[in-house]
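>>> Requesting a structural model of the entry that follows:
(chains A and B)
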Amino acid sequence: MKLFAELIRTLDSTNKTTLKVAALTHYFEIAPDKDKVWAIAILSHRRPPRPVNTTLLREWATELANIPLWLFEESYHIVGDLAETIALIIPASDSSSDKSLNKFLQEIIKLKKLTDMEKKEYLHENWLELNYYERFVFSKLITGSFRIGVSQKLMTRALSKATDIDEDILAYKLMGNWEPSKISFTQLVLEENEEDYLSKPYPFYLAYALENEVMELGDVKDWSAEHKWDGIRSQVIVRNGQLFVWSRGEELVTDKYPEFQDFINVVPDGTVMDGEILPLPNGEIGTFNDLQTRIGRKTVSKALLEKTPVILKVYDLLEWQGEDIRTEPFKNRRKILEEFVADISSENIPLQLSKSISFNSWEEVAAERERSREEKSEGLMLKKLDSPYLVGRKKGDWWKWKVDPLTIDAVLTYAMRGHGRRSNLFTDYTFGLWDEEKQELVTFAKAYSGLTDAEFRKVDAWIKRNTLERFGPVRSVTPHHVFEIAFEGIAASKRHKSGVATRFPRILRWRQDKKIEDANTLEDLKALIP
Amino acid sequence: MNAPLLVFNDKGIYCEQAKVYLDPWKPVDHAIISHGHADHSRWGHKKYITHHSNVPIIRHRLGEIVVTGKEWNETFTINGVKFSLHPAGHIIGSSQIRVEYKGEVWVFTGDYKMEDDGVAVPYESVKCHSFITECTFGLPAFKWIPQDQVMTDVNNWWQQNREDGRTSILFGYSLGKAQRLLKYLDPSIGKIYTHGAIENMTEVLRPQLDMPETIRITRDTKKEELKGSMVLAPPSAHGTPWIRKMVPYVTASASGWMTFRGARRRRAIDKGFVLSDHCDWQGLLQAIEGTGCEKVICTHGYTDIFSRYLREKGYDARTEETQYEGELGELEGKSEVEKDLERTEKTAENL
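Numbering: from 1, shown residues only, chains lettered A, B, ... in the order given. This is a model prediction of the structure:
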C-alpha cells in the first residue's frame, strides 16, 4: 500500500503527462506482481463492489472526527470527494501500514460479508493507522471510482514501457472481463493464451469531430460516408457458438440485449461486428430517450422487449472467419460485411446494415448531412476507403461530421458545487425557460460543461454573491444570466417537470448581451420536438 | 438597550461613539487599519491609524496618505472610546483591533493565524466580550502542517527540480506569503529570483526582516541563468506570457487552499504546499476559546457553517457581510488584493 499511495501522491504532484507515465512505469517495475494486477484493475475502473454503503461510511468517519454529521456533510459538499473528505477530517496520523495493496483489497472484498459492527471496527482501525495519502487511497478503494487524472491509455503506455510489450497488444489483453483477485500478472499481461481471447473485443477505433472544411479532406472519391447513429456503440462477437456484446465503455452487456441471442444461429463463428445498438419502438428508429429505458435495467421484462426492441446497426467488420481483418482497408471490410448482410437478409434477426451513402461531390455529402434529423441520425461519419481499423481516438482516417446542435437561450436558476478539479467552485448549473405567461422559470436542463475556466470563475464569484436560498449543496440564484444551451436531441418526456427531455445539454456560450426577458419560453423548446 | 459598540454598515465596521471605521471598504474620514492587504486597507480615507510596522507597507501601496503609526498595546482614546492594537500573526504589521467603551470590550481580528511563523509578531490572545473573527478556513477539513515540515518539503522540491534541470516557480501573495517563503528558502540550493511585484514589496520589508538575497527578473534576465533556480511569483502570474522565459519549469502554490486536491488540479499547478497565513479549524476554535467571549461575529470565509457550529457549542454567533476576501486570490489567481498590487506596480513603472 505504501508504494501505491506513494504513486498516487506522485501522480498528484504533477500535471505533466511524461512525469505521470514515468511514475507509473516505475511502479510497474518495482511493485509485487499481485499489487500490479490490482493497480491495473483500479486504474481501469475494475474496483471490487462497494462493501459499505456511503451513509454508514459518513457516520463512522464523523464519529472518529468528533464532529456533528451535518458538518461532515457540509465539508463533503465543499471538498467534493468523499474519500478525500474522510482523509482530511479524521485526526492526523504519522504512522503507515506495511500491508500490501493486494492484502488490503482481499480484506475489502471480505468486508462485504461482515456485520456492520465488524465493518466499522475494521474501518476505524485502518483509518487511524494510515497516513493522509494511504488513508485517502484506502477510502477511495472503498467508496468508488478512482479518478486521478490517469486515463487507461496512459496506464497502458506505462505498462508497455515496463514490460516491453506493444501498447495495442496490452490494450487488447486488458479489455474484457477479468477478475483481478483470480488472475496473476503473468496470466493477465505476460502470457499468450488463446482460450482467454474468446470473449475479448478489440479496442474501439474512435473518431474526432471534423475541425476544418470538409473540402480539405481531399478527393471525395477516397471517402465513404454513412449516417452517424445515436445509440450505444457496441461490438458484437460470435465465437465458438457463444455471443458477447460489448459497449464502448468496455462493459459486457450481453444480458441486456437478449434479442441478439438469435445471431448465434445465423452469424458464423469467428465474427466480430462493430455497430450501434438502436431502439426500434413501433418499427422505427427511436430516440436515445427510448434506449435509456433499456440501458438501466439489469433484467429485461417481456413487456419492455415488446415496447422497445433494439437492433444492431452494423457498420464494420473486425474479425471474419476467425481472422483479425482490422488491417484490411475499410472498403474490403465493408465488401465482406455487405455481402454477408445480404446473404442473411431473409433471416428474421435484429441486424441492419448502416448504409453507405452514394455521392459524387462534397456538396452532395453536405446535402445528405442536412437530412440527418429526418434519418434520426446525429450527422455523418466520414471514413477513408483505404483506412485500417485503428486503436483508440486517432485523427486522419475517420471523422464525425455532426449536424449543428439545437440551441435555446435559458436562464441560470440553480447552481451546485462541482467535483474533482471543480470542487469548491459552483460549476453545475440548472437552467429554466419561461412559462406561458412569462411569469415563472421552469427548469428544463442541467449542464456542467461549455464554459472556460475563467468564465466558470466569474460565474462562481457571481453565484456566491447572488444566492437566494440554500438547499444543502444546491443554491438558488437571482435570475439574471442568460446562457445559450446546445443539445443534440429532444423528446417529450413524462419524467421531466418541463415535459421535455434533452440529449447531452451543454453551455454553448454565456449571453451577457441578453436580459432574462430575452430568454426563450418552454413553448419555443417544445416547438423543436420533431 | 444601547446600540452595539460596533456595527456593520455599507462602508465597513463602524464605531458610532468614536466616529471611526475599522478596515472600511469605502472612503471614510477616520480608519483604523488591521493590516496591509488590499481588501483591508483601501484607498481614499482621510486619516489612517495602523501599527507602525504596517506604515511603510501601506505607504508603498497607497502613496502619500495621512497615517499615524501605533505601538502594540498602546491605548489611544477617541471620544471616550479606548482603542489599542495587538499582534494578529497574519503578516508583518498585522493587528487585531481592541475597542473598549464603558467596560464593554470588542476585538476585531482582521486576518490572523495562531502559528508563530518567525516573520510576523505572533498572535496574542485578547480577552473580550464580543469577538469579530474571520473564518477563511472555517471547516474541519483544514488542518495545517507545521511550517518547518512544509518548508523542508519546499526546499526538497526545489532541490529535486534543480537536479532535473527545471526551474521552480512558487506562487504566493506578494505581501506576506512571499516574504515568509523567502525567509525559509535555502539559498545554498541556488539563486532566488523574484517577480517585480514581489521584489518591490520585499524591498520595503527588508529593513524589518532578515531575508536571503533575491534577484529581480527583468527584460534583460537571461533564460539560461534561471535554469534550476527558484522563482517567487504572485498567483496572477500563472498562465501569463511572463512565465515562458522559465521553460522548462515546474509550478507550485503555497496556500491553505492546497489542502484540496481539486483546487490544485483546477489551476493546473503541479505541486501544492499547504501553507496559510490564516487559522485552520482548530486554530479558530482555540482563538475563540482564548478570548473568553460570549458573542462571535464571523466576517469572511465559511461563515454560515462556522457560526452554526459555534451556536451549537453555545456561543451567541452570527455572520455579517463584509468585502474581505481571505486567501481567495491564492485560490483563484486574481483577487482584489492582486489587482490592487498590479495597479501599484503599473503606477510605479510610470513614475
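>>> Chain B contacts on the stretch 51-200 of chain A?
A:65, A:67-68, A:70-72, A:74-75, A:78-81, A:84-85, A:88-89, A:92, A:149 (C-beta under 8 Å from any C-beta of the partner chain). Where C-beta positions appear, they are placed from N, C-alpha and C, glycine not excepted.
>>> are any of the residues you listed buried, and which?
A:65, A:67, A:71-72, A:74-75, A:78-81, A:84-85, A:88-89 (16 or more other C-beta atoms under 10 Å in any protein chain shown).
>>> Looking at those, which are in helices?
A:Ala65, A:Leu71, A:Phe72, A:Glu74, A:Ser75, A:Ile78, A:Val79, A:Glu84, A:Thr85, A:Leu88, A:Ile89 (DSSP state H).
>>> Determine which two of the residues you listed are furthest apart.
A:Leu71 and A:Glu84 (15.9 Å; C-beta to C-beta).
>>> The residue in the stretch 51-200 of chain B positioned nearest to chain A is in what secondary structure piece?
Chain A sits closest to B:Ala141 of the stretch 51-200 of chain B, with a gap of 4.1 Å, by C-beta to the nearest C-beta. Under DSSP states H and E, no helix or strand contains B:Ala141.
>>> Name the nearest residue to it, sequence neighbours excluded.
A:Leu88 (4.1 Å; C-beta to C-beta, 6 or more residues apart in numbering or on different chains).
>>> Is A:Trp399 in a helix, a strand, or coil?
When classified by DSSP: H, G, I helix; E, B strand; the rest coil, A:Trp399 comes out as strand.
>>> no wait, A:Glu378
A:Glu378 is classified as strand under three-state DSSP.
>>> Same check on the one 10 residues further on?
Under three-state DSSP, A:Pro388 falls in the coil class.
>>> wait, it sits on A:Ile325?
No: between A:Pro388 and A:Ile325 there is no contact under C-beta atoms under 8 Å: 9.4 Å.
>>> thinking again about what came up before, min pLDDT across the buried ones among the residues of the stretch 51-200 of chain A next to chain B, which one?
Lowest in pLDDT among those is A:Gly80, which has 84.
>>> got the residues of chain B near chain A?
Residues of chain B lying near chain A (C-beta under 8 Å from any C-beta): B:139-143, B:250, B:257, B:259-266, B:268-271, B:302, B:304-305, B:308-309, B:312, B:331-333.
>>> go again using 7 Å as the cut-off
Counting by C-beta under 7 Å from any C-beta of the partner chain, the residues of chain B lying close to chain A are B:139-141, B:143, B:259-263, B:265-266, B:268, B:270-271, B:305, B:309, B:312, B:332.
>>> Who are the contact partners of the residue lying farthest from the centre of chain A?
The outermost residue of chain A relative to its centre, with distances by C-alpha atoms, centre = their mean, is A:Glu437 at 39.4 Å. Residues in contact with A:Glu437 (C-beta atoms under 7 Å, 6 or more residues apart in numbering or on different chains): none are found.
>>> cool, and the one 10 residues further on?
The neighbourhood of A:Ala447, defined by C-beta under 7 Å, 6+ apart, consists of A:Tyr429, A:Phe431, A:Ile485, A:Pro505, A:Arg506, A:Ile507.
>>> Residues in a beta bridge with the closest residue to A:Leu198 other than its chain neighbours, which ones?
The spatially closest residue to A:Leu198, leaving aside those adjacent along the chain, is A:Arg239, at 5.4 Å (C-beta to C-beta, 6+ apart). For A:Arg239, the beta-bridge partners are A:Gln242 (DSSP bridges).
>>> does A:Arg239 really touch A:Val272, like I thought?
No: A:Arg239 is beyond contact range of A:Val272, at 8.1 Å (criterion: C-beta atoms under 7 Å).
>>> what about these two, which has more around it?
Taking other C-beta atoms under 10 Å in any protein chain shown, A:Arg239 and A:Val272 do not tie; A:Val272 has more neighbours (24 against 18).
>>> Within the helices and strands, which one has the more buried one?
strand A:271-279.
>>> what mean pLDDT does that strand have?
The pLDDT scores in strand A:271-279 average 96.
>>> Tell me the helix or strand right after the host helix or strand of B:Ile58.
Per DSSP H and E: B:Ile58 is located in helix B:55-62. Following helix B:55-62 in sequence order, the next helix or strand is strand B:67-70 (DSSP H and E).
>>> Packing partners of that following strand?
Packing partners of strand B:67-70 (3 or more C-beta pairs under 7 Å, 6 or more residues apart in numbering or on different chains; DSSP states H and E): strand B:47-51, helix B:55-62.
>>> among the ones you listed, which is nearest A:Leu380?
helix B:55-62 (59.8 Å).
>>> contact partners of the lowest-mean-pLDDT helix or strand in chain A?
Counting by mean pLDDT, DSSP states H and E, the weakest-scoring helix or strand in chain A turns out to be helix A:167-174, with a mean of 76. If you take C-beta under 7 Å, 6+ apart as the criterion, helix A:167-174 is touched by A:Ile40, A:Ser44, A:Thr156, A:Arg157, A:Leu159, A:Ser160, A:Leu188, A:Val189, A:Lys200, A:Tyr202, A:Pro203, A:Val391.
>>> buried subset of those residues?
A:Ile40, A:Ser44, A:Thr156, A:Arg157, A:Leu159, A:Ser160, A:Leu188, A:Val189, A:Lys200, A:Tyr202, A:Pro203, A:Val391.
>>> Pull the most distant pair out of those.
Put simply, by C-beta to C-beta the two of the buried ones among the contacts of helix A:167-174 set farthest apart are A:Arg157 and A:Lys200, 20.0 Å from each other.
>>> Strands of the stretch 151-300 of chain B, start to end?
With DSSP state E, counting those that start in this stretch, the ranges of strands along the stretch 151-300 of chain B come out as B:167-171, B:192-194, B:215-216, B:230-233, B:249-254, B:271-273, B:295-301.
>>> Contact partners for the residue nearest to B:Ala141?
If you count contacts by C-beta under 7 Å, 6+ apart, A:Leu88 has them with A:Val79, B:Ala141, B:Thr259.
>>> The second one touches A:Asp81, doesn't it?
No: look at B:Ala141 against A:Asp81 with C-beta under 7 Å: they stay out of range, at 10.7 Å.
>>> between these two, what contacts are shared?
Counting by C-beta under 7 Å, 6+ apart, no residue touches both B:Ala141 and A:Asp81.
>>> where's the residue in the stretch 151-300 of chain A that chain B sits nearest to relative to B:Ser174, distance?
Chain B sits closest to A:Ser151 of the stretch 151-300 of chain A, with a gap of 14.4 Å, by C-beta to the nearest C-beta. Per C-beta to C-beta, to the nearest Å, A:Ser151 is found 37 Å from B:Ser174.
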